[in-house]
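Visitor: one predicted model, sequence on top.
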Amino acid sequence: MPQSTLGFVLHDVARLMRKRFEQRARAAGLTRSQWQVLAKLSMHEGIHQKGLADLLEIESITLVRLLDKMQERGLIERRSHPTDRRLSLLYLTPGAHPLLEFMRTIGEQTRLETMTDFTAQEHDHLLHYLERMRTHLLTACAQPIGDALEHEVKHG
């Protein structure tokens, strides 16, 4: 049996956590993409569409379709930018807030289920290690890959 790698296990845990969250979230009738829009928008109300697309790491056209559906459902509203008529600023409607609370509740249920037999210390250590890994990767991703390394990968 092949040995698991860190990347594979991290990816699989994240995938399974999303799957479990989605199982609980079906009752609200939103897609995972719509949940992500709500979550990001709740932290960045008043952002313009391109800024939100960048935060979500999706194409603007994809976001526009999501926003159209969410606006039809009464969850978000677009407001004109006060000085730039080309921009729409995005805000949650009062109807979105109960869904955000529901999302936070099922997110917490999923986290509790994931960490069910972890001690508080194990939980803290795991979080600390993952945050360190994220910091290392953010630093690495901000650095250009050297030409020699790219040549090595392409030409073996």
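Guide: Cool, the structure landed. Keep in mind that what you see is a predicted model, and the values were worked out from it rather than measured.

Visitor: quick one: low-confidence ranges for this protein?
Guide: Where the chain drops to pLDDT under 70, the residues are 1-2, 147-156.

Visitor: center of it, which residue is that?
Guide: In the chain, the centroid-proximal residue (C-alpha atoms, centre = their mean) is Gln36; its distance is 5.4 Å.

Visitor: I'd say that one and Glu57 touch.
Guide: No. Contact between Gln36 and Glu57 fails when scored by C-beta atoms under 8 Å: they sit 9.8 Å apart. All C-beta atoms are positioned from the backbone trio N, CA, C, and that covers glycine.

Visitor: what helix or strand is the residue nearest to the centre of the chain located in?
Guide: Using DSSP states H and E, Gln36 sits within helix 32-43.

Visitor: immediately after that helix, which helix or strand?
Guide: Counting by DSSP H and E, the element after helix 32-43 in chain order, helix or strand, is helix 49-56.

Visitor: only the buried residues of that next one, if you could.
Guide: Judged by neighbour count (16 or more other C-beta atoms under 10 Å), helix 49-56 contains these buried residues: Gln49, Leu52, Ala53, Leu55, Leu56.
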